[in-house]
Every structure is written in C-alpha cells, then in structure tokens.
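Asks: Mind looking at a prediction? Sequence and model below.
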Amino acid sequence: MKFPIDECLTIDLVAVANHSGHEAQHIAHVGKAGWKDWNVARHARDGDFVLVTNNASDFRRLYAGRLLHSGLVIIVPRINRMEQRRLFRGVLDELAVVGELINRVLEVDIDGDEMTFSLYDLPTDFP
C-alpha cells in the first residue's frame, strides 16, 4: 500500500511503513506543508493513496462526500511519537489481515494498554 502521512503525525511513520514493505511519504516533506485538508484529500485520491491522519472529524467529512476512495487510516488518540509508531505498526498488521481499504476507514485507538480497531465503510456507514 501507499500512504501519505498527514502533517499532524510524526515523520517517523514513513520509516515504519517503508520497513514493512509499503511506500509512504510525509505531507510536510513532499512540498505540501500547510495544505488545506481538502488539498491533502485530493492528493491522496489522485495518487491512489491510503491517507493516514489524526484529524478524524475533518477527513471523515471529506471522505464521506466521495463515491470512491482508496481508504483512510485514523490514529484516534493524540499521543507522542513513540506511541504513534506503535499504533501504526498495529495498523499495518491489521491491514495485512483486512486487505485493501477501498471505501473503508480503519481507526486505531487505545483502551488501557491495548489497541482497538474499528473498520467501517465510508461514505455509507458514516452519519
């Protein structure tokens, strides 16, 4: 899979993805720092990327208006770099089981020390 990592998340996630055999780029390091969310979403669509973000509310809304998208990964809690890396590794493991995310969202959160995942269709399952 190919991932653009939103600038609200650490650049370290690029290395995590690459180490797992995926292609990734950080929005801030490919000349798109400061872009509006709709521009980031369009970049992800045009590149056939699965966007990784922490900005759940804005990107759920943007993706709910699309008929077709490659998928969205949301790291729900606002956490430090080390925890972001841990959760993203968990996301990559979950994606190995789930497969493609076409028109779906995979959210990862923390419940105590455990990761929890939610997988749903978007736009159809989102109010």
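Replies: It's in.
Asks: Look up how far residue 63 lies from the residue most central in space within the chain.
Replies: The chain has residue 52 as the residue nearest its centroid, 1.8 Å off, counting by CA atoms, centre = their mean. Noted for residue 52: a distance of 13 Å to residue 63, by CB to CB, to the nearest Å. In short, each C-beta sits where N, CA and C put it, glycine included.
Asks: Equivalent analysis for residue 49, please.
Replies: 12 Å.
Asks: before we move on, the earlier item: these two touch, right, the residue nearest to the centre of the chain and residue 88?
Replies: Yes - taking CB atoms under 8 Å as the definition, residue 52 is a contact partner of residue 88 at 7.1 Å.
Asks: which neighbours do the two share?
Replies: 13, 75 (CB atoms under 8 Å, 6 or more residues apart in numbering).
Asks: So which residues of the protein form helices?
Replies: 12-19, 37-46, 56-64, 81-98 (DSSP state H).
Asks: For the longest one, which outside residues touch it?
Replies: Spelled out, that is helix 81-98. 1, 9-10, 12-13, 16-17, 20, 22, 52, 73, 75, 77, 79, 101, 106, 108, 110, 115, 117, 119.
Asks: Give me the phi and psi angles of the residue of the chain most remote from its centre.
Replies: What lies farthest from the middle of the chain is residue 112; by CA atoms, centre = their mean that is 21.8 Å. Main-chain torsions, residue 112, degrees, to the nearest 10: phi 70, psi -120.
Asks: now this protein, which segments are flagged as low pLDDT?
Replies: For the chain, the stretches with pLDDT under 70 are 124-127.
Asks: quick one: residue 89 and residue 20, what's the gap?
Replies: Applying CB to CB to residue 89 and residue 20 gives a distance of 8 Å.
Asks: gap between stretch 95-112 and the chain center?
Replies: 9 Å (CA atoms, centre = their mean, to the nearest Å).
Asks: Quote the end-to-end distance of that stretch.
Replies: Terminal residues of stretch 95-112 lie 22 Å apart, using CA to CA, to the nearest Å.
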